[in-house]
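1. Got a predicted structure plus its sequence, pasted below:
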2 protein chains.
Amino acid sequence: MDSIQPMTYVGLVAGILTTISFLPQAIRAWKTKSTRDISLSMFLCFCVGVVLWVIYGFYTENLPVFLANFVTFVLAFSILVCKLRYG
Amino acid sequence: MDSIQPMTYVGLVAGILTTISFLPQAIRAWKTKSTRDISLSMFLCFCVGVVLWVIYGFYTENLPVFLANFVTFVLAFSILVCKLRYG
């Protein structure tokens, strides 16, 4: 079995933290149906950027970048949907 | 001069988009002084994760990951400060 570089673990923990961080925001937006203080520009721009990170992670075979951004996209997109729905 | 891999450009654009996306949110929070709909858990967790991404980018000599997350931290931290101040 190939040994995993120590920094890959740091990248995976970083990816897990920045990814799951969007979960409480998504839950809050869905539960409260209140997204007035959330910036539409932020989540539009962020979702496009995260899709590019997924492409980057895939083609450079960078597992932490790919996995983290794939899940981040799902969560950030759900917040974007809330913002578009609730204003 | 070394040639830059095409995917590095994708990573840089991804980094620029996900980084500048936090700017309109930071401006909105500072201007409106209203952050009720923003999740404290999200920005606490996100800031810790982004610091780890900076460390990962530095030690793996991954320029897009390092640069993007360095600036992202500054912006996300300013949103966290707003949230802690305005509730």
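-> Nice, thanks for sending it over.
2. Show me what the longest helix along chain A is packed against.
-> Taking DSSP state H as the criterion, chain A has its longest helix at helix A:63-86. Judged by 3 or more Cβ pairs under 8 Å, 6 or more residues apart in numbering or on different chains; DSSP states H and E, the packing partners of helix A:63-86 are helix A:6-20, helix A:22-32, helix A:40-59. C-beta coordinates here come from the backbone N, C-alpha and C atoms, glycine included.
3. so how far is that helix off the chain centroid?
-> 5 Å (Cα atoms, centre = their mean, to the nearest Å).
4. if we can go back for a sec, same list (the helices and strands packed on helix A:63-86) but as a markdown table, adding mean neighbour count.
-> Shown next, in a markdown table, are the helices and strands packed on helix A:63-86 (neighbours: other Cβ atoms under 10 Å in any protein chain shown):
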| stretch | mean neighbour count |
| --- | --- |
| helix A:6-20 | 19 |
| helix A:22-32 | 18 |
| helix A:40-59 | 20 |
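5. Dump those into JSON lines; add mean pLDDT and distance to chain B as well.
-> Formatted as JSON lines, these follow (pLDDT from 0 to 100; distance: least, Cβ to the nearest Cβ, whole Å):
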{"stretch": "helix A:6-20", "mean pLDDT": "89", "distance to chain B": "3"}
{"stretch": "helix A:22-32", "mean pLDDT": "97", "distance to chain B": "4"}
{"stretch": "helix A:40-59", "mean pLDDT": "95", "distance to chain B": "3"}
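6. Distance to B:Thr72 added to those, as a markdown table?
-> Listed next are those as a markdown table, based on distance: least, Cβ to Cβ, whole Å:
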| stretch | distance to B:Thr72 |
| --- | --- |
| helix A:6-20 | 9 |
| helix A:22-32 | 14 |
| helix A:40-59 | 10 |
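7. The longest helix of chain A relative to helix B:40-59, how many degrees between them?
-> Going by axes from the mean of the first three to the mean of the last three Cα atoms, to 10 degrees, helix A:63-86 is angled at 150 degrees with respect to helix B:40-59.
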